[in-house]
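Chemist: any chance you could fold what I've pasted below:
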Amino acid sequence: GSDDMQAPPSDQAVGTEEAPANEVKGHNQLLNEFHVSLMQDPLFVEVLQATGGQAAGGENKILDFMKLALAGSEQLTTMKQSEEDWEAALENPVDVPALEGCVMAASTEALDAAIGSMGLLLGACASALRTSQPAKVCRALQVLCIVLRGMQWKSVSFLSFLKAVGGESRGEQYTRMVVGDITRVLTNEVKSAFCITLALKFLNVLVTAAHGGPFGTKVGQWLKEGGVIAALKTAVGKSRRFRHCLSLDAVVLTVVVGLSAPASPAPTKDPLEDPEDMKAMLEATDVLCNVAVQRLLEATHRKTLAVEGFLTNKKIVPHDAKDLKTLLSADGGPIHGSQLCYVAACCLALYYLGVYHTRPYLLAFQARKKQKDGAPEPEPAGRELAPDGFDGMPTVFASSVTLLSLLLDAPQADTVHYAKLVLLSILPLVEDQEFLPTICVPKLGGYSIFSRKAEPDQFGLFLKVEENRAPLAVLMQILLNFMSSNLKLALEVDLYSVVLRIVHRILCYYKNCTAGEEMAFDWKDLVMVTLRLVAYLSREAVWKAAEPAAINDLALQAAAILNLFLVHGNSILQGPEGYPLVCYELGRVGANKVFKKLLDLSSAEGNASPLQEELRQLMSAADHINAVVESWLNETKPLSPTREDVLAVVASAQLSLSLPNRQDLLNFENFVEDNASSTLARGRGDVLVALFCKFIHVFPPRPEQQQQQQAAPAKS
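Modeler: Here you go, the predicted model:
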């Protein structure tokens, strides 16, 4: 268990009491039940008790062997060794703290040399995994985890591990065989929570130990072909305890294997094709999302949280603050350390599930079928379905909206990359015509979003609850706040580009799939913010500060959205002032020569481009409207024309606008991962592995080990 996984006190923990059949258990209750099950598990109790030679039976042959191997002792040659001897040694408990301490204290060279003499021991561990004795399975996993974790921390090549069991070819066979045995542990009805936990930990240690090296992709492929993702799907799908208490391990393994292993050349069944399996995986992701939000809030307002925490004696001070001076100097700094581990895992999971498993991802957001009497269908035997949120969708959607509001608040450094991953995960949803209606209706509940103007809540968190609003309205509010608040010379072009793609798909939905239905968000804000963006892009300094091609593409997207309002606004905007207001604002911006300046900058190289065509249409419409207004002013000579007077003139001017029927503005290509997105996701996957290796432990860390790891750099 980890403090990071504890939910705020509002999630009432009720110990081990069973919740009523119609009550959904909260995260803290599931966490408490899992901890109780561990403390009642004799295999876990054995690890706690088997220290310093006090293990039952009093024999620690494995520990004695490890000490001799790491010391390079000649006594190894006289020590009787066979797989049968080592299998017999696994009949006794493993002194985990002593064995782990021995490995972690060794030098890289000593550990590398010692692994070469472990072939028979590693073979015995593989044999033990195939037995029906949970105790031997756990002990074998403990040994394997400690060896691989030591290699990972000491930067010992994974090739040394393969050579110890017979070379690359036989090492591959050995690894595939062990992976197959582990997947059986995850998919079978195993009673031991500790055994399942260790099996998952071993797979994580295995994939992260090889990650980044020449065998990283191969090991990922071995795990994928060994059915690891399918086994995780089964384990996550059948138990909500598993999703809530082992969510980080399950999600990291799924993401790292999914992103590192290339697609299979032969078509295979998608292990996550069932929407209920996807909902279960999304529930595990939701747990990480809530922890990530908590960590980001601490990083964003560290100084405020620290002062308030000391004044009110609240436990809201970030855990990684060494002293008050360090804490106060880090106000508003970038996220780091274990904070980033949860953020990275959550964002990569959303991206991986949305991009690599798009169809089941979309189906997971549809309402479950109900029986004829209106009651929900009963849960399948041996399986706990993931509960839906107040909005009828997986709970991760509301959590990801909160996370996105934090990531898009003045994004910098790593937060830029993670914000883009979350935005890309939203693209498949807004491209689906069956999903958008579900978020256009106000919900009887509130979405929490970050706001610098909000008052701290009872937990000292700066969140504002948007109650009884359509989810789409809240999402658009976050996107528009980002667009209007981050216009700077070092423009985050990629983020703006994805945001505009999301906005464009939403506008296409309203034009293509609704019969004049009122928009769930304030379209006036959208028009104004888009015009502000176009005006900003018309500055020569912006084109010099970034790649001209990137600015050109961004300007093209913004101009296309304005032309969509211009050409199709009559059919998608409600109210008598709707379309005239769009024309009025276009004329106002056109009068300031914004479109002309942008056209000149885009034409500097003398090449024709789609952007120039979009700008010429906007200029033509703006010039026509301004000409009509100017003619009215010259004829009537009003002393002080009001805005309403001008809008009335614009309303008449729009009738004489000559506009083409542009259906191309309503078309788009569904998002497919490109090289840039793939590189981003895999690069963030490497960061996640490095963080996971440094901050996540297989066994509870000893104080001196924790201090050593905090002082040392992360190693992948």
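Chemist: in contact with L340, which residues?
Modeler: Counting by Cβ atoms under 8 Å, 6 or more residues apart in numbering, L340 touches 295, 414, 687, 691. For every residue, glycine as well, the C-beta is placed using N, CA and C.
Chemist: assumed it was part of a strand.
Modeler: No - read with DSSP: H, G, I helix; E, B strand; the rest coil, L340 is helix and lies in no strand.
Chemist: and the furthest pair within the contacts of L340?
Modeler: Maximum pairwise distance in the contacts of L340, criterion Cβ to Cβ, is 15.1 Å, between R295 and V687.
Chemist: these two: who's more crowded?
Modeler: When R295 and V687 are compared for neighbours, R295 comes out ahead with 24 against 18, by other Cβ atoms under 10 Å.
Chemist: hmm, the more buried one is touching V343, no?
Modeler: Yes - with contact defined as Cβ atoms under 8 Å, R295 reaches V343; the gap is 6.6 Å.
Chemist: hmm, who's touching stretch 417-431?
Modeler: By Cβ under 8 Å, 6+ apart, stretch 417-431 touches 343-344, 347-348, 350-351, 353-355, 358, 361-362, 365, 400, 403-404, 407-408, 411, 435-436, 475, 494-495, 498-499, 501-502, 505-506, 509, 668, 670-671, 677, 680-681, 683-684.
Chemist: go again with 7 Å.
Modeler: 343-344, 347-348, 350-351, 354-355, 358, 361-362, 365, 400, 403-404, 407-408, 411, 435-436, 494-495, 498-499, 501-502, 505-506, 670-671, 677, 680-681, 684 (Cβ atoms under 7 Å, 6 or more residues apart in numbering).
Chemist: I'd like the mean pLDDT over it, please.
Modeler: Mean pLDDT, stretch 417-431: 94.
Chemist: also stretch 47-58?
Modeler: 56.
Chemist: what does stretch 530-549 rub up against?
Modeler: Outside stretch 530-549, the residues that reach it (Cβ under 7 Å, 6+ apart) are 483-484, 487, 489-491, 493, 551, 554-555, 558-559, 561-562, 585, 589, 594, 597-598, 601.
Chemist: from E46, how far off is R139?
Modeler: R139 sits 9 Å away from E46 when distances are taken as Cβ to Cβ, to the nearest Å.
Chemist: typo on my end, M118
Modeler: M118 is 23 Å from E46, where distance means Cβ to Cβ.
Chemist: and the contacts of stretch 530-549, which are buried?
Modeler: Neighbour-count burial (16 or more other Cβ atoms under 10 Å) applied to these gives 483, 487, 491, 493, 551, 554-555, 558-559, 561-562, 585, 589, 594, 597-598, 601.
Chemist: can you show me the strands along the protein?
Modeler: Using DSSP state E, the strands of the chain run over 446-450, 463-467.
Chemist: what packs against the last one?
Modeler: Where contact means 3 or more Cβ pairs under 7 Å, 6 or more residues apart in numbering; DSSP states H and E, strand 463-467 is packed against strand 446-450.
Chemist: what residues does the strand it packs on touch?
Modeler: The contact list for strand 446-450 (Cβ under 7 Å, 6+ apart) reads 398, 401-402, 405-406, 409, 462-467, 471, 474, 478.
Chemist: what's near enough to touch the closest residue to D388 other than its chain neighbours?
Modeler: The shortest distance from D388 to any non-neighbouring residue, by Cβ to Cβ, 6 or more residues apart in numbering, is to P394 (6.6 Å). P394 sits next to 279, 282-283, 286, 364-365, 386, 388 when contact means Cβ under 7 Å, 6+ apart.
Chemist: out of those, who has the most neighbours?
Modeler: Greatest neighbour count in the contacts of P394, by other Cβ under 10 Å, goes to L282: 28 neighbours.
Chemist: hmm, that one is touching F365, no?
Modeler: No - applying Cβ atoms under 7 Å, one finds L282 not in contact with F365, separated by 8.9 Å.
Chemist: low-confidence regions, the stretch 401-550 of the chain specifically.
Modeler: Within the stretch 401-550 of the chain, the set of residues satisfying pLDDT under 70 comprises 454-462, 515.
Chemist: turn the strands of the chain into JSON lines, columns for mean neighbour count.
Modeler: Shown next, in JSON lines, are the strands of the chain (neighbours: other Cβ atoms under 10 Å):
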{"stretch": "strand 446-450", "mean neighbour count": "22"}
{"stretch": "strand 463-467", "mean neighbour count": "16"}
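Chemist: okay if I get these as a markdown table plus distance to A210?
Modeler: Putting the strands of the chain into a markdown table (distance: least, Cβ to Cβ, whole Å) gives the following:
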| stretch | distance to A210 |
| --- | --- |
| strand 446-450 | 38 |
| strand 463-467 | 40 |
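Chemist: among those strands, which is nearest P638?
Modeler: strand 463-467 (41.7 Å).
Chemist: that closest one: partners in the sheet, and parallel or antiparallel?
Modeler: strand 446-450 (antiparallel) (DSSP bridges).
Chemist: residues contacting the spatially closest residue to D181 that is not a sequence neighbour?
Modeler: Spatially, and ignoring its direct neighbours in sequence, D181 is nearest to L129 (3.9 Å; Cβ to Cβ, 6+ apart). With contact set as Cβ under 7 Å, 6+ apart, L129 has these partners: 137, 140, 178, 181.
Chemist: with L30 instead?
Modeler: 240-241, 244-245.
Chemist: who wins for neighbours among those?
Modeler: In the contacts of L30, the most neighbours by other Cβ under 10 Å go to C245, 27 neighbours.
Chemist: ok, that one to T234 distance?
Modeler: Counting by Cβ to Cβ, the separation of C245 from T234 is 17 Å.
Chemist: again with R176
Modeler: As judged by Cβ to Cβ, R176 and T234 stand 19 Å apart.
Chemist: same check, this time on L564
Modeler: From L564 to T234 the distance is 46 Å (Cβ to Cβ).
Chemist: which of the contacts of L30 fall in helices?
Modeler: 240-241, 244-245 (DSSP state H).
Chemist: can you pull out the helices in the stretch 551-700 of the chain?
Modeler: Assigned by DSSP state H, counting those that start in this stretch, the stretch 551-700 of the chain shows helices spanning 578-591, 594-602, 610-636, 643-653, 675-695.
Chemist: would you reformat those as TSV and include distance to D41?
Modeler: Listed next are those as TSV, based on distance: least, Cβ to Cβ, whole Å:
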stretch	distance to D41
helix 578-591	64
helix 594-602	66
helix 610-636	64
helix 643-653	72
helix 675-695	25
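Chemist: which one of those helices lies closest to R452?
Modeler: Across these, closest to R452 is helix 675-695 (Cβ to Cβ), at 26.5 Å.
Chemist: list the buried residues of that closest one.
Modeler: 677, 680-681, 684-695.
Chemist: count the residues that sit near Q133.
Modeler: 12.
Chemist: could you shift the numbering so residue one becomes 821, and keep it that way?
Modeler: Renumbered: residue one is now 821, and that last one reads Q953.
Chemist: need phi/psi at it.
Modeler: Q953 adopts backbone torsions of phi -100, psi 110, taken as degrees, to the nearest 10.
Chemist: how far away is the most far-flung residue of the chain relative to its centre from L1421?
Modeler: Outermost residue of the chain with respect to the C-alpha centroid, by Cα atoms, centre = their mean, is E1455; its distance is 60.7 Å. Using Cβ to Cβ, E1455 is found at 36 Å from L1421.
Chemist: what is in contact with R959 and E866 at once?
Modeler: Common neighbours of R959 and E866 (Cβ under 7 Å, 6+ apart) are P913.
Chemist: between these two, tell me which one has more neighbours.
Modeler: R959 (26 against 20).
Chemist: I'd assumed L910 was in contact with that one.
Modeler: Yes - using Cβ under 7 Å, R959 makes contact with L910 at a distance of 4.8 Å.
Chemist: overlap in contacts of those two?
Modeler: Taking Cβ under 7 Å, 6+ apart as the contact rule, R959 and L910 both touch A948.
Chemist: was I right to think K1416 contacts M1439?
Modeler: Yes - using Cβ under 7 Å, K1416 is in contact with M1439, at 6.4 Å.
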